[in-house]
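1. kindly return the folded structure for what I paste below:
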Amino acid sequence: MLTAARLGAAALSAALLAGATAGPALADSPAPTPAAVPDGLYGKGDPTYDGVWRQSLALTALAAAKTTPADSAVGWLTGQQCEDGGWPSFRAAGAACNPKTEDSNATAVAIQALVALGGHQEAVDKGVQWLKATQNADGSWPYNPVSPGDANSTGLAVNALFAAKTDPAGVAKAGRNAFDGLAHFQLGCAAPADQRGAFAYQPDPSSGALAPNTLASAQASLAAAGGHLPVATTARTDAAPKALGCDSAATSATAAPVAHPDSGEAAGAYLTAQLAAGGNHLTLTTPGAAPTPDYNATAWAALGLIQSGHPQQAAGAVDWLAKEGAGWTKGGTDASATASLLLVTQAAQRDTAPLTAQLTALGPAPKATASPAPTTAASKKDDGIGQYWPIIVGLLIGLGGGLLLSLQRKRGQRL
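-> Numbering: from 1, shown residues only. Below you'll find the model as predicted:
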């Protein structure tokens, strides 16, 4: 089913959560023939709707793990870029680019992957130019060009700008910059207290009202906190994320949007409350279906909280993902989920070796793999000797001193 297959793509996931449609209705269209999995691509599933997405996440996570991927893996991703700088979700070998189906989500994560890998500045620059060209007049980004913007796509575009060292405040259309575009979707002081800081996927098309959306809130939170993939911040504060301070004058229907410096904290406060209420995870709710744990949203929430300096508020979600993540990753065979879980584990500074091995096995053999941390039996033995080295040295000194004293006494006796 098209919508299920495309659930791994961030924008349509949010659309499903919001009960909205993304793109033309295809209920009466025949199911497309699954595309063959090309050489160099991570994962074995049909790449039609998530090929660039999962490849970018995999390469970003492996770069953070100091693993040098195969040339074929990197070459496949760079080969998907269109001449105008954008990336589609997937393009079969030899197929022409269609500007209408180029995808801001795929472009944003591809930029972040190439920045993490290094050595691809020309492709990164072209991707950034494509993002600038496809920005909407309100400062936001749509999933596909010339469509209404959404919080997920805007957040991912801001992530890519941060990764490419391009100030989002300077990327603007019609006087509205990228931060203005992000603020367009965030609930502020006019919302009920328990919804403030959340992001809506899109405003209601008829009323313009904003309704909280868990995936939109989680995915936009990393951008609101000023971050990108991979998250490698060492910032830390013992205080919980600061909720919006709203006085009576600020709670009117015309309350100003959340200012950028407060946006990440407000999103973090909302997500912390949602994680606590959900047993350390966020929940996926779709029309006509029972609520289920939302692994993807939980992962992005953890990344946003860690980026904003609140790893202690993310710890419960990280623990939950570590415990329950095997179902999400399908035992380490789903490249997108495995890469996402590895990115969270890296950000939380947990043991990444098992997930790195699982992800590496889903693609071509890497050119080089970083040496493992000194946790082998031999290194532990060395560490143990090192631990007692001062005692050993002290014993040797004492033994030498005693021997010297004994020799002096014998010499005195002979004299």
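2. do I have it right that residue 82 meets residue 97?
-> Yes: Residue 82 lies in contact with residue 97 (CB atoms under 8 Å); the separation is 3.6 Å. Just so you know, the C-beta spots here come from the backbone N, C-alpha and C atoms, and that holds for glycine as well.
3. so which of these two has more stuff around it?
-> Taking neighbours as other CB atoms under 10 Å, residue 82 and residue 97 compare with residue 82 leading, 19 against 16.
4. now that one: phi and psi?
-> Phi and psi for residue 82, reported as degrees, to the nearest 10, are phi -90, psi 160.
5. against residue 62, how distant is the most centrally placed residue in the chain?
-> In the chain, the centroid-proximal residue (CA atoms, centre = their mean) is residue 229; its distance is 5.1 Å. Per CB to CB, to the nearest Å, residue 229 is found 12 Å from residue 62.
6. shaky segments in the stretch 151-300 of the chain?
-> Per-residue confidence of the stretch 151-300 of the chain (counting by pLDDT under 70) places the weak regions at 249-255.
7. please repeat the previous calculation with a cut-off of 80.
-> Where the stretch 151-300 of the chain drops to pLDDT under 80, the residues are 248-256, 259.
8. helices of that one, start to end?
-> Assigned helices in the stretch 151-300 of the chain, in chain order: 151-163, 178-183, 214-224, 260-277, 295-307 (criterion: DSSP state H, counting those that start in this stretch).
9. what's the angle between the last one and helix 214-224?
-> So the one you mean is helix 295-307. 30 degrees (axes from the mean of the first three to the mean of the last three CA atoms, to 10 degrees).
10. packing partners of helix 295-307?
-> Contacts defined by 3 or more CB pairs under 8 Å, 6 or more residues apart in numbering; DSSP states H and E place helix 295-307 against helix 214-224, helix 260-277, strand 282-284, helix 311-329, helix 335-347.
11. likewise for the longest one?
-> Packing contacts for helix 260-277, counted by 3+ CB pairs under 8 Å, 6+ apart, involve helix 178-183, helix 214-224, strand 282-284, helix 295-307, helix 311-329.
12. and it, what's buried?
-> Within helix 260-277, the residues that count as buried by 16 or more other CB atoms under 10 Å are 260, 262-275.
13. likewise for the second one?
-> Under the neighbour-count criterion of 16+ other CB under 10 Å, helix 178-183 has 178-183 buried.
14. as TSV, the residues you listed with distance to residue 306 would be great.
-> Shown next, in TSV, are the buried residues of helix 178-183 (distance: CB to CB, whole Å):
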residue	distance to residue 306
178	22
179	21
180	26
181	24
182	19
183	22
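15. which one of these is nearest to residue 358?
-> Comparing the buried residues of helix 178-183 against residue 358 with CB to CB picks out residue 182 as the nearest, at 33.4 Å.
16. ok, the closest residue to the closest one other than its chain neighbours - contacts?
-> Take residue 182 and drop its neighbours on the chain: the residue closest to it by CB to CB, 6 or more residues apart in numbering is residue 154, 5.3 Å away. Contacts for residue 154 (CB atoms under 8 Å, 6 or more residues apart in numbering) come out as 139-141, 178, 181-182, 184-185, 220, 223.
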